[in-house]
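A.B. asks: Mind looking at a prediction? Sequence and model below.
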Amino acid sequence: MDDSSTLSSIEIEVLQTLKSMDCTNKKKYAKIEKIIEKSKLNESQVRKAVEWLKSKNLITEEIEERESCREIKKECEDYLTSGLPERKFLETIEKLGNRPSLKEVKKKANLNDKELSYSLGFSKKQGFIGISEGKLILTDLARAWIDKDYPADSVLKQINEEIKKKGKCYLTALDKSVLMELCKRDIIEKILEKTRKYSLLDEGEKVLSPLSKEKLTDKINLEIIRKGITPKMRPYNLDVPVPEIQAGKKHFLHQVREKIREIFLSMGFKEMKSDYVESCYWNFDVMFFPQDHPDREIMDTFYLKSPKIGKIPEDKAKIIKEVQENGWKTGSIGRRTKWDEEIAKKLILRCHTTQTSFRILSEGLTPPYKFFSIDRVFRNEAVDATHLAEFHQVEGFVVGEGLNFRNLLGNLKEFYNLMGIKQLKFKPNYNPYTEPSVEIFAYHPGLNRWVELGNSGIFRPETLLPYGIKVPVIAWGLALERLAMMLYEISDIRQCLGHTVDLNNLKKAKVLTKVI
């Protein structure tokens, strides 16, 4: 039970008001408007006080719900004098006689399409009309119905009269089926009104009875400070539960992306960008992929339907043709297959960001230099716990004299160490564009197995010499989503990106610490 000294002045005022109105023990309730009127408080203060008192079990709340209507829709106001469309429809058929057509009835009754459609359906359902050769025939049942009062008309007029008198009409006593039909037809609109009423509980009375007459101070003001008064302060209850605030924060994938970007910038890399749509020339050909390589097939790559063909640099394309067919001046024998320029011009959704690296390498920059990118790629993959058809790749390369395989592994270890990934291992691999090549694996405790995080290697001369690069280039392509899985102990990659992401997991996700 709360001691009276822990109550604020507005809480005490509300308790005293309820007591003075004899609203106690659920026998009698006071509406919130009445409490505002009787107390010395404004609406905001009363609403705060009753919520606090409810949470302390000192008062109880009762909510009374009533449906009301405040207006007849403007476009339906003429129904009050001429009757509802279905009645007008039948009365018009009776007046016209001699089996009128639907068009004649519509014109004579002045009905719109919506009103005519409802009237026709209603009349057929009730058995009020028959139709023969496009003519309407009134039944005896309809003639008897026309002579009687129509409940829907009566209810509508009753609602209108109440609105005129009181500004609204409570619908509780009216025919529910008729009301439902009027609402469904958008003639009237129901409003659910909630009236909140309160009564003092036994605990509330117990708190009031020993209430000290000595005034307790809620806060220190300027007057108290100036006069040097030492007031008796109301104690604060620090154990009162407060609502959890769901503050906005960045998606954890975005946090990982920002941290990666921060790491590479701190290591002296520059950021690079390119477009999602790319030609096969940049995505495959410059990287020494043979044109009959399985990765170029429709099973792995998304080809554009329109436009199908893009532009390629014609002067360099001639060199790439020679590199593919006979090795050109690279000391290689090439792919020994015919190279087709039309295949190279085909447009696709890029399946890796290594094409961005080659666009930078083709610019003729003076070594040493190093670049990175974090961007989206697309592959025709079967989606499962570790694969997505659309995901992000972390691309990077370093150009410089004397670079070797040890430098490559050192860069990768340093990066993952800064990301907090300690358990790494490397596995030899084959890539068409790197030699040697190596895959990077890290241990995932959630999956209880080693997960591939990326691919890397040293670019082959066939990929570099056409652009005049004669120094070593070490490079890598790393998976962003799989790295996020490691950091957040997620066992299914589909919880990182896309419509299946659990929002509760996003709310609970930790915030990554900064590197610098």
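C.D. replies: Ah, there it is.

A.B. asks: mind giving me the domain ranges of the protein?
C.D. replies: 4-65+196-222, 85-149, 253-274+354-508 (automatic domain parsing).

A.B. asks: can I get those domains in JSON lines with mean neighbour count?
C.D. replies: C-beta coordinates here come from the backbone N, C-alpha and C atoms, glycine included. Shown next, in JSON lines, are the domains of the chain (neighbours: other CB atoms under 10 Å):
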{"stretch": "domain 4-65+196-222", "mean neighbour count": "16"}
{"stretch": "domain 85-149", "mean neighbour count": "15"}
{"stretch": "domain 253-274+354-508", "mean neighbour count": "17"}
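
A.B. asks: weakest of those in terms of mean pLDDT?
C.D. replies: Lowest mean pLDDT of the domains of the chain: domain 4-65+196-222, a mean of 85.

A.B. asks: ok, what's across the strand from the closest residue to residue 475 other than its chain neighbours?
C.D. replies: Nearest non-adjacent residue to residue 475, counting by CB to CB, 6 or more residues apart in numbering: residue 397, 3.8 Å away. Beta-bridge partners for residue 397, by DSSP bridges, are residue 371, residue 475.

A.B. asks: all strands for the stretch 201-350 of the chain, in order.
C.D. replies: Using DSSP state E, counting those that start in this stretch, the strands of the stretch 201-350 of the chain run over 270-271, 277-279, 302-303, 347-349.

A.B. asks: got a list of contacts for the helix or strand that comes right after the last one?
C.D. replies: Moving toward the C-terminus from strand 347-349, the first helix or strand encountered (DSSP states H and E) is helix 354-361. Contacts of helix 354-361 from elsewhere in the structure, counted by CB atoms under 8 Å, 6 or more residues apart in numbering, are 272-274, 278, 282-283, 286-287, 371, 373, 375, 395, 397, 399, 433, 463-464, 467, 469, 473, 475, 477.

A.B. asks: Tell me which of the residues you listed fall in helices.
C.D. replies: Under the assignment DSSP state H, the contacts of helix 354-361 contribute 282, 283, 463, 464 to helices.

A.B. asks: Quick check: the two most widely separated of the residues you listed?
C.D. replies: Pairwise distances among the ones in helices among the contacts of helix 354-361 were taken by CB to CB; the largest, 17.1 Å, belongs to 283 and 464.

A.B. asks: ok, back up a step: can you lay out the strands of the stretch 201-350 of the chain as a markdown table showing distance to residue 179?
C.D. replies: Output for these, formatted as a markdown table (distance: least, CB to CB, whole Å):
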| stretch | distance to residue 179 |
| --- | --- |
| strand 270-271 | 64 |
| strand 277-279 | 58 |
| strand 302-303 | 56 |
| strand 347-349 | 56 |
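
A.B. asks: quick one: which of these is nearest residue 295?
C.D. replies: strand 347-349 (11.0 Å).

A.B. asks: same for the closest one, what does it pack against?
C.D. replies: If you count contacts as 3 or more CB pairs under 8 Å, 6 or more residues apart in numbering; DSSP states H and E, strand 347-349 packs onto strand 277-279, helix 280-283, strand 302-303.

A.B. asks: related to what we said a few turns ago, quick one: the residue nearest to residue 475 from residue 270, how far?
C.D. replies: Counting by CB to CB, to the nearest Å, the gap from residue 397 to residue 270 is 11 Å.

A.B. asks: Overlap of the contact sets of those two?
C.D. replies: Shared contacts of residue 397 and residue 270, counting by CB under 8 Å, 6+ apart, come down to 370, 371.

A.B. asks: and residue 318, how many neighbours?
C.D. replies: 14 (other CB atoms under 10 Å).

A.B. asks: contact partners of stretch 95-102?
C.D. replies: 92, 93, 104, 105, 108, 116, 120, 132, 134, 135, 136, 137.

A.B. asks: which residues touch residue 62?
C.D. replies: Residue 62 touches 29, 196, 197, 198, 199, counting by CB under 8 Å, 6+ apart.

A.B. asks: surely the second one meets residue 61?
C.D. replies: Yes. With contact defined as CB atoms under 8 Å, residue 196 reaches residue 61; the gap is 6.1 Å.
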